[in-house]
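**Q** Sequence and predicted structure, then a few things I'm wondering about:
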Amino acid sequence: MRKTVVYARQSLDQEKQKNSTEVQKSVCLEYAHHNDWLVHEFYNEGEKSARISSIEDRPVISKLLYEAEHGEIARLIVYKRDRLARNVEQYLQIISSLLDSKVEIHFAADNEPPLQTGPIGEFVEVLLAGLAQQEGENIHRRQMQTRVFLAENGKWSGGSPPFGYTSKNGHIEIVSEKREIVKIIFQEFIACWGEDKEMAEIIRAMKQHPELKKGKFPKDTIVKIISQPLYKGVLIQRLQGKDYPAPKIRYDLRIWDDDEEDAVWNEANRRLRITCPDIDKKKAKDSYQALLEKKIKCGICNTEIDKMKILEKKKFYYYCDCSYKVPIQEFDEFVFNKIIAHLKELAQSQIDELKLLLIRRFLHFSFKKKKKLEESILKIELDLKRTMKDIESDPSIVLSVQTLVMRYKDTCSEHEELLNQCHRIENTIRNFTHFNSIDAISFSNFSFDNKRDFLALLDWVVCFKSTINFLYNEGEKIKKGV
């Protein structure tokens, strides 16, 4: 038996969506009850982003699509479109898969229009999905602006706090039992440290302490704890690759109670940098996230560049084994802006072809339906003329005339509505003469996630196994990005 199911998903931000899945479930069950449907199963995705998570990273929707493909689902009820996805490409992929599996799709929210089908409907669905994506991006942007504001003013901006702290209602505070463990880690690191010792050897010696045997403290965790400035009240938060230091010391977050004991932090970090000299380089590398790592090849030896090095006063480079290098941020910006310029030029040069493509995509079936309606109108008119001739000799055919008149009115009304829809779309396509939106795209006004998504979309839509070459000049060096 094919079943009726409900799907719900909650945003990652629980504070802004308390009981979201329960509300969705309640509305969807009420919708099913109103239509006399029995709901067989409730699919709860829980906390999962539908803006940045792929379908594969969402196990519940993946299971639902799998069961639909195998004929187990007849009907799906969802609160709103944005619960399925806040990404146009992903939304259309999900809807297409469900419709191919002959699944009825229903949206239960009062203000959510029903699923649109047919060529005009597909166009409408793209617009509605685009609005959901734009809303998601606006929410994310507002959240990031709020987090940056909090970080700039020395307040906790969210996320997982460092070891020894807990977060509650937008604030962090020290966990008293973990405070003592942090102190032990610093004391044991100093006691077990030796200039000729490797980090692994130091950690093995530290774990002889009974308190450190209880927990899992691998090398990366120990390094993060020792190098964490929050333990002496210095709050530095990283958002979108940028550090935001608090304007003043947070005395309420200090692990040590006085300045003298801050010397423990300073001494431990001095020794850590002797044992792990690359720690500052790693932090510097993290300050800018490379977009083109493993996406470019050296223009001299044609080797794929999959690593970065820090040279010349902490400036980052894509670095090839043949010793040629490219400054990372400048090269990312150069390639990004080249792609935008190329897309702008390409779009403008082929705008007539794009218009024809849009007409074929969104008006072809409408024109066919328009022709059929016109043929129906003509046939009804002929039937009316023939029937009207016979009405004097046979009054009983009045009902037939009334039926024909009603059919004629309904068909003409449908024809007129279709003409209006076609006219609106034709006008939109006709007025589509330039690409102002592309002009607004630049390297500086995109977040790292936006840039990465843009390049991924380019890989999927435009490039697809093809090769693009860019020449980049820095002094006498010439580099080629492939």
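**A** Structure received.

**Q** contacts, neighbours, all on C-alpha from now
**A** Will do.

**Q** what helices or strands is the strand or helix carrying Glu333 leaning on?
**A** Using DSSP states H and E, Glu333 sits in helix 328-349. If contacts are counted by 3 or more C-alpha pairs under 8 Å, 6 or more residues apart in numbering; DSSP states H and E, helix 328-349 sits against strand 315-319, helix 436-439, strand 470-474.

**Q** counting contacts, what elements does the first one pack onto?
**A** Read it as strand 315-319. strand 308-311, strand 325-327, helix 328-349.

**Q** now the angle between helix 328-349 and that strand, please.
**A** Strand 315-319 and helix 328-349 are oriented at 70 degrees to each other (axes from the mean of the first three to the mean of the last three C-alpha atoms, to 10 degrees).

**Q** gap between the two ends of stretch 184-203?
**A** 13 Å (C-alpha to C-alpha, to the nearest Å).

**Q** picking that back up, right, so the helices and strands packed on strand 315-319: which one is the most enclosed?
**A** strand 325-327 (a mean of 20; mean count of other C-alpha atoms under 10 Å).

**Q** Sheet partners, orientation included, of that strand?
**A** strand 315-319 (antiparallel) (DSSP bridges).

**Q** could you dump the strand it pairs with to CSV, C-alpha only?
**A** The C-alpha coordinates for strand 315-319 follow below in CSV (Å, rounded to 0.1, in the frame of the first residue of the first chain):
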residue,chain,number,x,y,z
LYS,A,315,51.5,36.7,2.4
PHE,A,316,49.8,33.6,1.1
TYR,A,317,50.6,31.9,-2.2
TYR,A,318,49.5,29.1,-4.3
TYR,A,319,52.8,27.4,-4.6
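
**Q** Just give me how far that strand sits from the chain centre.
**A** Put simply, strand 315-319 sits 28 Å off its chain's centre (C-alpha atoms, centre = their mean, to the nearest Å).

**Q** got it, and stretch 71-91?
**A** 16 Å.

**Q** What separates the first and last residues of it, distance-wise?
**A** 21 Å.

**Q** Rounded mean pLDDT for that stretch, please.
**A** Average pLDDT, stretch 71-91: 87.

**Q** rewinding a little: need the helices and strands packed on strand 315-319 in TSV with mean pLDDT and distance to Gln143, can you?
**A** TSV is the format used below for the helices and strands packed on strand 315-319 (pLDDT from 0 to 100; distance: least, C-alpha to C-alpha, whole Å):
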stretch	mean pLDDT	distance to Gln143
strand 308-311	53	31
strand 325-327	78	32
helix 328-349	78	26
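
**Q** Make CSV out of these and add distance to Trp256.
**A** Formatted as CSV, these follow (distance: least, C-alpha to C-alpha, whole Å):
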stretch, distance to Trp256
strand 308-311, 34
strand 325-327, 41
helix 328-349, 39
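
**Q** The ones you listed: which one's closest to Met144?
**A** helix 328-349 (22.2 Å; C-alpha to C-alpha).

**Q** helices and strands around the helix or strand following the closest one, which ones?
**A** As assigned by DSSP H and E, the chain's next helix or strand after helix 328-349 is helix 351-390. Judged by 3+ C-alpha pairs under 8 Å, 6+ apart, the packing partners of helix 351-390 are helix 118-152, helix 398-430.

**Q** residues of helix 351-390 that come out buried?
**A** 355, 359, 362-363, 366, 370, 373, 376-377, 380, 384, 387-388 (16 or more other C-alpha atoms under 10 Å).

**Q** mean confidence for that helix?
**A** Averaged across helix 351-390, the pLDDT comes to 80.

**Q** Specify the angle between it and helix 118-152 in degrees.
**A** Using the same axes, to 10 degrees: helix 351-390 against helix 118-152 is 140 degrees.

**Q** what angle do helix 351-390 and helix 398-430 make?
**A** Using the same axes, to 10 degrees, helix 351-390 lies at 170 degrees relative to helix 398-430.
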